[in-house]
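Trainee: give me a 3D structure for the following:
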Amino acid sequence: MPRAGRLAKVDAEGVMRWADGGGEVALFGVNYYPPFTVDYKAIKEQGLDFSQVMREDVAHFRRLGLTCIRIHCFDRQFSTHEGAFVANHHVALLDELIDLCAKNGIYTVLTPIAWWGGSYADDKAGQQIACDANSFRTLFRETGPGRTAVFRARATDAFTKRVEIVFMQSDGGNWGVDLPLAPEWRTVRVPVEDFRPYWHTRRGDGTKPDMSQVQSVSLGFGRWLYHDTLDRPHGFEISSIKVEF
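Mentor: Numbering: from 1, shown residues only. Presented below is the predicted three-dimensional model:
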């Protein structure tokens with residue numbers, strides 16, 4: 001198996017082409033990121049050997065004829081809030097994975113992720129804290145234009161001022177909103193129209209959330225929301241969620 005080492009460049013029309021022949025780069029692969037976020041957490045919790053897991057997976061990728069993998073690189077897990085690089089286990093695993101794939105003829109596509117961190121990562125590492133709220137999926141599907149989601153919530157720590165609600169549609173669209181929080185219980189009303197595009201969802205083209213396509217809902221907060229209190233405890237409670245028609 002030849003090593004994946006061909007160089008590529010982008011032409012004037014924005015097409016990526018191989019530098020040695022001019023042919024368009026056309027690769028086939030999957031998302032895969034054991035050095036980061038949920039994959040890293042799962043492998044660590046099960047007490048598995050990271051190197052062995054990656055070797056076995058890459059062997060299967062090669063057997064299936066894959067020619068690339070896409071790795072989400074969660075910056076928060078190998079940098080400080082000021083942007084300084086941190087050489088740690090995540091970086092070592094990333095280096096190992098890229099080299100392992102190259103030796104098996106598999107290219108890597110790196111997707112840098114912003115400061116919001118690795119979802120569901122270990123809180124002790126200073127990452128996002130979130131809770132699975134898929135049980136609210138049906139309720140959100142009942143929410144449509146002109147309707148309002150009503151939350152009864154409060155902050156359990158003095159430094160927590162808001163909580164983030166994000167839902168994903170079956171077409172991959174992500175929509176979210178921030179809820180203001182206070183130490184005392186409060187009722188917060190959020191019109192569907194207040195949800196804004198998140199992440200990969202297109203902005204500025206008039207696209208609206210389609211609540212009938214809600215696939216999952218998450219309630220949580222990340223320390224990227226609290227730049228001035230990064231090292232403080234954060235928590236919240238939600239006692240009820242309902243829809244006003």
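Trainee: domains of the protein: list them as residue ranges, please.
Mentor: Split into domains by automatic domain parsing, the chain comes to 8-113, 129-244.
Trainee: need the ones you listed in TSV with mean pLDDT and distance to Pro2, can you?
Mentor: No exception for glycine: its C-beta is placed from N, CA and C like everyone else's. Putting the domains of the chain into TSV (pLDDT from 0 to 100; distance: least, CB to CB, whole Å) gives the following:
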stretch	mean pLDDT	distance to Pro2
domain 8-113	91	6
domain 129-244	70	34
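Trainee: now stretch 6-26: buried residues?
Mentor: Val25 (16 or more other CB atoms under 10 Å).
Trainee: may I have that stretch exported as CSV, CA atoms only?
Mentor: These are the backbone C-alpha positions of stretch 6-26, laid out as CSV (Å, rounded to 0.1, in the frame of the first residue of the first chain):
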residue,chain,number,x,y,z
ARG,A,6,0.6,13.2,-2.7
LEU,A,7,0.4,17.0,-2.6
ALA,A,8,-2.7,18.9,-3.7
LYS,A,9,-3.5,22.5,-4.5
VAL,A,10,-6.6,24.5,-5.2
ASP,A,11,-7.0,26.0,-8.7
ALA,A,12,-8.4,29.3,-9.8
GLU,A,13,-11.9,27.9,-9.9
GLY,A,14,-11.7,26.6,-6.3
VAL,A,15,-11.3,22.9,-7.3
MET,A,16,-8.7,20.9,-5.4
ARG,A,17,-6.4,19.1,-7.7
TRP,A,18,-3.4,16.8,-7.3
ALA,A,19,-0.2,18.7,-7.8
ASP,A,20,1.6,15.9,-9.7
GLY,A,21,-1.1,15.3,-12.4
GLY,A,22,-3.8,18.0,-12.2
GLY,A,23,-6.6,15.5,-11.6
GLU,A,24,-9.4,16.5,-9.3
VAL,A,25,-9.0,15.2,-5.8
ALA,A,26,-11.9,12.8,-5.1
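Trainee: which stretches of the protein form helices?
Mentor: Counting by DSSP state H, the segments of the chain that form helices are 37-45, 50-63, 89-103, 137-141.
Trainee: would you mind giving those as a markdown table with distance to Trp185 added?
Mentor: Below are the helices of the chain laid out as a markdown table (distance: least, CB to CB, whole Å):
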| stretch | distance to Trp185 |
| --- | --- |
| helix 37-45 | 32 |
| helix 50-63 | 44 |
| helix 89-103 | 39 |
| helix 137-141 | 20 |
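Trainee: so for Arg17, which of the ones you listed sits nearest?
Mentor: With respect to Arg17, and counting by CB to CB, the nearest of the helices of the chain is helix 89-103 at 19.8 Å.
Trainee: that older thread, Ser170 is nearest to which of the helices of the chain?
Mentor: Nearest to Ser170 among those is helix 137-141 (10.7 Å), distances taken as CB to CB.
Trainee: so Arg62 touches Leu100, yeah?
Mentor: No. Here Arg62 lies out of contact with Leu100, judged by CB atoms under 8 Å, at a distance of 10.2 Å.
Trainee: identify the contacts common to the two.
Mentor: Contact with both Arg62 and Leu100 is made by no residue, according to CB atoms under 8 Å, 6 or more residues apart in numbering.
Trainee: hmm, back to that, mean neighbour count and distance to Gly22 for the helices of the chain - can I get that in a markdown table?
Mentor: Written out in a markdown table, the entries for the helices of the chain read as follows (neighbours: other CB atoms under 10 Å; distance: least, CB to CB, whole Å):
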| stretch | mean neighbour count | distance to Gly22 |
| --- | --- | --- |
| helix 37-45 | 16 | 36 |
| helix 50-63 | 15 | 27 |
| helix 89-103 | 17 | 22 |
| helix 137-141 | 16 | 48 |
